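Student: make a model of this:
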Amino acid sequence: MKAACLPEPAQYWASSAQSNLLTSDWPIDAELHDPATGTRVWREIAQTQGHAFIQRNLAEHLAHRIELYRDGTCATRDTVRHAFTKIRERKFFEIYK
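Tutor: Coordinates of the predicted model:
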């Protein structure tokens, strides 16, 4: 299954047999400040032909507690959540198509 993982699981791509559907392995707001990079990644998200796995929890806290992402925390995550259809929800990810 083709999939994109957003926004923070860059380490997934280091061991995945599948290449990332996006040219950014870490498409968080701080990484997309360059207009060319941001435009490219937004275009790739819009053209995704597959599934998007969206983190439900902030990665920085997972070792100690589960803290859910809130809307407005990450633009790429918010974009997918509002533009795609959620087909499944798991403890750590929401799956969109």
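
Student: now the nearest residue to residue 28 once chain neighbours are set aside: phi and psi?
Tutor: The shortest distance from residue 28 to any non-neighbouring residue, by Cβ to Cβ, 6 or more residues apart in numbering, is to residue 7 (4.8 Å). Using the backbone N, CA and C atoms, a C-beta is placed for each residue, glycine as well. Backbone torsions for residue 7, taken as degrees, to the nearest 10, come to phi -100, psi -20.

Student: need the next SSE after the helix or strand bottoming out on mean pLDDT in the chain, C-terminal direction.
Tutor: When the helices and strands of the chain are scored by mean pLDDT, DSSP states H and E, helix 10-15 comes last with a mean of 78. Sequence order places helix 35-46 as the next helix or strand after helix 10-15, per DSSP states H and E.

Student: so where is the chain shaky, pLDDT-wise?
Tutor: 1 (pLDDT under 70).

Student: 90 instead?
Tutor: 1-33, 38, 42, 44-53, 57-76, 79, 83, 91-92 (pLDDT under 90).

Student: and the residue lying farthest from the centre of the chain, how far from residue 57?
Tutor: Computed with Cα atoms, centre = their mean, the residue of the chain farthest from its C-alpha average is residue 64, at 21.8 Å. Distance, residue 64 to residue 57, by Cβ to Cβ, to the nearest Å: 11 Å.

Student: one more: residue 48?
Tutor: To residue 57, residue 48 is 22 Å away according to Cβ to Cβ.

Student: could you do residue 41 as well?
Tutor: Applying Cβ to Cβ, the value for residue 41 to residue 57 is 22 Å.

Student: the more surrounded of these two?
Tutor: Neighbours were counted for residue 41 and for residue 57 using other Cβ atoms under 10 Å; residue 41 has more, 21 against 16.

Student: what residues are up against the more buried one?
Tutor: 22, 23, 24, 27, 32, 76 (Cβ atoms under 8 Å, 6 or more residues apart in numbering).

Student: farthest-separated two in these?
Tutor: The most widely separated members of the contacts of residue 41, counting by Cβ to Cβ, are 23 and 76 (12.6 Å).

Student: more neighbours: which of the two?
Tutor: With neighbours defined as other Cβ under 10 Å, residue 23 and residue 76 compare such that residue 76 has more, 24 against 12.
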